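> My questions concern the predicted model and sequence given below.
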Amino acid sequence: MQVSVARRAMLFAGSCHPQLATAVAAASGMELSPVDIGRFASGEIYVRFLESVRGCDAFVIQTHGAPVNETIMEQLIMIDALKRASASRINAVIPYFGYARQDKKSLAREPISARLVADLLSVAGCDRVLAVDLHTGQIQGFFDVPLDHLTALPVLAAYVRSRAWDNLVVVAPDPGRGKMAQKYAAHLDCGIAFMQKVRRADVRNVSEAVGLIGDVRGRRCVIVDDMIDTAGTVTNVVPRLLQAGAVDVIAVATHAVFSPPARQRLDESALSEVVVTDTLPLRADASPSKLTVVSVAPLIASVIRAVFTDQSVSEIFHGENLESLPGAPPRPA
């Protein structure tokens, strides 16, 4: 007996960021399939899909925003339910990957929590992961299933270009953002500078800018980072740049975590603008006044289409989602 069955894709959203999921569905030309997500009296998570998922390619969108442990657990339960309902392929779409900063042991007896989350997704039944701007590239090696690494660099760089700012210089706020800064500089055809940073080992989320490599005098500086959490890193860099002669400073980052006291620090800083994406839901009471948000929904939608049709994902980003640097290095500032 021969049976020809057409493949179908189904899109599901967790409860953390329904606005982004709705935007992704609209950009991909799909509808969000119904799913019942609730809580038992004890706080345990309940999930039930309201349509048959047998044989489908399922895409589960859930960003690991606050409360991060609940949102991760919710996605794991959704994946488990899809596996037990005989979905053909289960793809976890994670705009912001939780625990990404715990990717190595810095002190004795610490966990590598990013690896743990990767293992949990695999064991739950995930066949593929789509994640946006992981904190470090090495996290890709933690997964036993394929991972497609998306980057918001094209949409963020496009916004900066649209402002027609002149005399730009891209600034890496610490050595770990060096490759990212070089890619931005190649996009914007401008110079680059590097800030040296030290982070205290005894206190989390505390850092200090200690030195600047590059010339920013008379330039408009664009600080680039993968995330803004408490905003300590970015706001510590601003005074150093102004002291070195910068005429304006803008911050650009993919993930707007904005943990307290981020809003206060950003509002009190000399930053003229903070540009982020919508990978995380933004609360009005946590967002700074000089905030601009650009959407990654069309980018995620294009990758979902590519994955479903077995097309290349790296071609969408022209290889910029990989760790390699652009072919022509940017000129020094």
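Yep, it's here.

> alpha carbons only for contacts and neighbour counts from here, please
OK.

> domain ranges for the chain?
Domain assignment of the chain by automatic domain parsing yields the ranges 9-150, 153-295.

> What is the distance between the shortest one and the centre of its chain?
Distance, stretch centre to chain centre, for domain 9-150: 13 Å (C-alpha atoms, centre = their mean, to the nearest Å).

> Determine how far the last residue of it lies from the first.
Start and end residues of domain 9-150 are separated by 20 Å (C-alpha to C-alpha, to the nearest Å).

> same deal with the longest one?
Between the opening and closing residues of domain 153-295 lies a distance of 12 Å (C-alpha to C-alpha).

> what do you get for stretch 10-17?
Start-to-end span of stretch 10-17 (C-alpha to C-alpha) is 18 Å.

> hey, where'd the helices end up in the stretch 51-200 of the chain?
With DSSP state H, counting those that start in this stretch, the ranges of helices along the stretch 51-200 of the chain come out as 68-84, 113-124, 153-162, 178-188.

> could I get those helices as TSV with distance to Ala41 and mean neighbour count?
Putting these into TSV (distance: least, C-alpha to C-alpha, whole Å; neighbours: other C-alpha atoms under 10 Å) gives the following:
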stretch	distance to Ala41	mean neighbour count
helix 68-84	15	20
helix 113-124	24	18
helix 153-162	42	17
helix 178-188	45	22
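
> mean pLDDT lowest for which of these?
Lowest mean pLDDT within the helices of the stretch 51-200 of the chain: helix 178-188, at a mean of 92.

> Distance to Glu31 added to the helices of the stretch 51-200 of the chain, as JSON lines?
Shown next, in JSON lines, are the helices of the stretch 51-200 of the chain (distance: least, C-alpha to C-alpha, whole Å):
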{"stretch": "helix 68-84", "distance to Glu31": "17"}
{"stretch": "helix 113-124", "distance to Glu31": "24"}
{"stretch": "helix 153-162", "distance to Glu31": "24"}
{"stretch": "helix 178-188", "distance to Glu31": "34"}
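
> Go through the domains of the chain and find the least confident stretch.
domain 153-295 (a mean of 90).

> chain center to it: distance?
On C-alpha atoms, centre = their mean, the centre of domain 153-295 falls 15 Å from the chain's centre.

> going forward, begin numbering at 56 instead of 1
Understood, numbering begins at 56; the last thing we discussed is domain 208-350.

> one step back: tabulate the domains of the chain in a markdown table, adding columns for distance to Glu375.
Below are these laid out as a markdown table (distance: least, C-alpha to C-alpha, whole Å):
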| stretch | distance to Glu375 |
| --- | --- |
| domain 64-205 | 9 |
| domain 208-350 | 8 |
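
> so which of these gets nearest Ala356?
Closest to Ala356 of the domains of the chain is domain 64-205 (C-alpha to C-alpha; 4.9 Å).

> quick one: which of the helices of the stretch 106-255 of the chain is nearest Phe197?
Of the helices of the stretch 106-255 of the chain, nearest to Phe197 by C-alpha to C-alpha is helix 168-179, at 5.3 Å.

> what's that closest one packed up against?
On a contact count with 3 or more C-alpha pairs under 8 Å, 6 or more residues apart in numbering; DSSP states H and E, helix 168-179 meets helix 123-139.

> contacts for the helix it packs on?
Residues outside helix 123-139 that contact it (C-alpha atoms under 8 Å, 6 or more residues apart in numbering): 69-71, 100-104, 108, 113, 115, 117-120, 145, 147, 153, 175-176, 179-181.

> change it to 7 Å
69, 71, 100, 102, 117, 119-120, 145, 153, 176, 179-181 (C-alpha atoms under 7 Å, 6 or more residues apart in numbering).

> Out of the helices of the stretch 106-255 of the chain, flag the one nearest Val225.
helix 233-243 (5.9 Å).

> how about the strands in the chain?
64-68, 90-94, 100-104, 112-116, 144-149, 183-187, 202-205, 223-227, 246-254, 262-268, 275-283, 303-311, 328-332, 346-349 (DSSP state E).

> quick one: which of the helices of the stretch 106-255 of the chain is nearest Val348?
Val348 lies closest, by C-alpha to C-alpha, to one member of these: helix 208-217, at 9.4 Å.

> so the closest one versus helix 233-243, what angle?
50 degrees (axes from the mean of the first three to the mean of the last three C-alpha atoms, to 10 degrees).

> which helices and strands does helix 208-217 pack with?
On a contact count with 3 or more C-alpha pairs under 7 Å, 6 or more residues apart in numbering; DSSP states H and E, helix 208-217 meets helix 233-243.

> between the helices of the stretch 106-255 of the chain, which one is nearest to Arg295?
helix 233-243 (17.7 Å).

> tell me what the closest one is packed against?
Judged by 3+ C-alpha pairs under 7 Å, 6+ apart, helix 233-243 is in contact with helix 208-217, strand 223-227, strand 246-254.

> rewinding a little: between the helices of the stretch 106-255 of the chain, which one is closest to Asp333.
Here helix 208-217 is closest among those (C-alpha to C-alpha), at 11.3 Å.

> surely Arg274 meets Val224?
Yes. Between Arg274 and Val224 there is a contact under C-alpha atoms under 7 Å: 6.5 Å.

> Tell me which of these two has more neighbours.
For Arg274 and Val224, the more surrounded residue by other C-alpha atoms under 10 Å is Val224, and the numbers stand at 28 against 22.
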